[in-house]
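Asks: Sequence first, predicted coordinates after that:
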Amino acid sequence: MDEGESKLGGVSQTAVFSIVLYSAFSSSMLVVNKVTMAYLPFPSLISFVQICSSVLLVNGAERLHILRGVDAFAWAKVKPYLFYVALFALALLTNMKSLQAANVETVIVFRSLTPVAVAALDAMFLGRELPCARSCVALAVIALGALGYARCDEAFGAAGLEAYRWPAAYFVVIAVEMTYGKLIVHGVDMDSKIWGPVLYTNALAAPVMLGLLAASDDVAEFRKLYASEGGVPAIGYALLGVGCLTGTGISYAGWLCRSKTSASTYTVVGVLNKCGTILANLMIWTNHASPEGIASLFVCLLGGTIYKQAPIRDAALPRLAIARVGDASKRCFASHARLDAAPPPDALLAHSDSEPDLEK
């Protein structure tokens, strides 16, 4: 980044743009999927169609010369993405299953807890310091808000821990995905820094999602709906199309934002942008939390606002014990995933503050 480039609050203009763009797509995606499943209650099928649509849209844009230089598939680049796409597909599936089994607020609360896990993973794998006192308070506020929500959640009172099976799975998958995504975003040499990962993640996730689709009853249930007297409502197809466009948009915005921020900051941004989702949910559905539950959710969001990104740990200082565990894990994984060319954490930070080529 040029010295003279203006910043807002110490953050580059491109970083601010990426955060706003990611927030807009992320907050709308949850609502779009929830509405779509009211007409097409087939989470695996919807996820598979969205993934395939993203691949077709990127390839189509390149053929029309709207996009240029999108990376062709090469094994050296594919290998590091294989583990990520498994997480990517699982995140989509567990998100859909969570929305099907619980209300939107339940999903958001579990999403609000992910910074707690990612902050530790940031120190373990990405060379950052452990959270400072202010950040620990912020993470504690997030956890307390989530606990307050659970105490007044009707689904929890009716079904106990079973009500949180899918949201808990979503929490684990998202925490790991956020950390590993930051590890590879600058560790794999892509020609198209943003659209390349968009194409790779969606194209490589499609076979995984196809397997999950085959293991579900979604295709059979869709055929029953299609053959029924009313058939598939036209609005269902329209909403599916909107979801496909939104899915491609969130893929692009997500990789752009991830390249500009730390893993934990990227995760906190994902938590804060759910405010729009809550407001939309209150206007659309009656299946939302009680006023006490909504208040608890906003406590989670308050905790996110006071969270402070942990700095990169000084290389001259002794390695943290948690970082040594991460180093050993990365060495083991790198021998299989070819991440040995990934830059060290301090280089990752410098890369995060640079300006990506938005044309790509």
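Replies: Received, thanks. The structure displayed is predicted, hence computed values, not measured ones.
Asks: for the stretch 51-200 of the chain, what are the low-confidence residue spans?
Replies: Applying pLDDT under 70 to the stretch 51-200 of the chain flags the ranges 103-105, 150, 153-163.
Asks: Can you read off the backbone torsions of the most far-flung residue of the chain relative to its centre?
Replies: Distance to the chain centre peaks in the chain at Glu229, reaching 38.3 Å (criterion: Cα atoms, centre = their mean). The phi/psi pair for Glu229 (degrees, to the nearest 10) reads phi -60, psi -40.
Asks: pLDDT at it, what is it?
Replies: Glu229 carries a pLDDT score of 83 in this model.
Asks: Repeat that for Gln50.
Replies: Reading off the confidence values, Gln50 has pLDDT 94.
Asks: In contact with it, which residues?
Replies: Gln50 makes contact with 92, 243-244, 247, according to Cβ atoms under 8 Å, 6 or more residues apart in numbering. Backbone N, C-alpha and C define where each C-beta goes, glycine included.
Asks: burial count for Ile66?
Replies: Neighbours of Ile66 under the rule other Cβ atoms under 10 Å: 10.
Asks: hang on, the earlier thing: which one of the contacts of Gln50 is nearest Ser23?
Replies: Within the contacts of Gln50, proximity to Ser23 (Cβ to Cβ) peaks at Gly247, which comes in at 15.8 Å.
Asks: That closest one contacts Cys52, correct?
Replies: No: contact between Gly247 and Cys52 fails when scored by Cβ atoms under 8 Å: they sit 10.1 Å apart.
Asks: Comparing these two, which residue is more hemmed in?
Replies: A direct count of neighbours by other Cβ under 10 Å for Gly247 and Cys52 places Gly247 higher, at 23 against 17.
Asks: same for the one helix or strand the more buried one maps to, what does it pack against?
Replies: For Gly247, the element it lies in under DSSP states H and E is helix 234-260. Using 3 or more Cβ pairs under 8 Å, 6 or more residues apart in numbering; DSSP states H and E as the contact test, the elements touching helix 234-260 are helix 13-39, helix 43-63, helix 165-185, helix 195-215, helix 263-272, helix 345-352.
Asks: Go again with 7 Å.
Replies: helix 13-39, helix 43-63, helix 165-185, helix 195-215, helix 263-272 (3 or more Cβ pairs under 7 Å, 6 or more residues apart in numbering; DSSP states H and E).
Asks: buried residues in that helix?
Replies: Burial within helix 234-260, assessed by neighbour count using 16 or more other Cβ atoms under 10 Å, is assigned to 236, 239-240, 243-244, 246-260.
Asks: Distance from the chain centre to that helix, please.
Replies: 12 Å (Cα atoms, centre = their mean, to the nearest Å).
Asks: ditto for stretch 310-328
Replies: Using Cα atoms, centre = their mean, the offset of stretch 310-328 from its chain centre is 25 Å.
Asks: Mind listing residues that contact that stretch?
Replies: Residues from elsewhere that reach stretch 310-328 (Cβ atoms under 7 Å, 6 or more residues apart in numbering): 119-120, 122-125, 127-132, 135, 264, 345-346, 349.
Asks: Between which two of the contacts of Gln50 is the distance greatest?
Replies: Largest pairwise distance in these, by Cβ to Cβ, is 12.8 Å, between Leu92 and Cys244.
Asks: residues in contact with stretch 261-271?
Replies: So stretch 261-271 is contacted by 15, 19, 22-23, 26, 111-112, 114-115, 118-119, 121-122, 126, 128, 178-179, 182, 257-258, 301, 304, 307, 309-310, 352 (Cβ under 7 Å, 6+ apart).
Asks: do stretch 173-181 as well
Replies: 83-84, 87-88, 90-91, 94, 111, 114, 117-118, 121-122, 125-126, 258, 263, 266-267.
Asks: do that again at 8 Å, thanks
Replies: So stretch 173-181 is contacted by 83-84, 87-88, 90-91, 94, 111, 114, 117-118, 121-122, 125-126, 258, 263-264, 266-267, 270 (Cβ under 8 Å, 6+ apart).
Asks: cool, and stretch 209-224?
Replies: With contact meaning Cβ under 8 Å, 6+ apart, stretch 209-224 is reached by 40-45, 47-48, 51, 89, 92-93, 232.
Asks: cool, stretch 53-64 as well?
Replies: 67-68, 70, 195, 198-199, 202-203, 206, 244-245, 247-248, 251.
Asks: ok, these vs Gln100, which is closest?
Replies: For the contacts of stretch 53-64, the minimum distance to Gln100 (Cβ to Cβ) is 17.5 Å, reached by Gly247.
Asks: excluding its backbone neighbours, what's nearest that closest one?
Replies: Of all residues not flanking Gly247 in the chain, Gln50 sits nearest, at 4.0 Å (Cβ to Cβ, 6 or more residues apart in numbering).
Asks: about what we covered before: just the buried residues from the contacts of stretch 209-224, in PyMOL please.
Replies: Isolation of the buried members of the contacts of stretch 209-224 (16+ other Cβ under 10 Å) is achieved in PyMOL through the command below:
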select buried, resi 40+41+42+43+44+45+47+48+51+89+92+93
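Asks: Make CSV out of the contacts of stretch 209-224 and add distance to Ala140.
Replies: Converted to CSV, the contacts of stretch 209-224 look like this (distance: Cβ to Cβ, whole Å):
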residue, distance to Ala140
Leu40, 40
Pro41, 37
Phe42, 39
Pro43, 33
Ser44, 36
Leu45, 40
Ser47, 34
Phe48, 39
Ile51, 37
Ala89, 32
Leu92, 30
Leu93, 30
Val232, 47
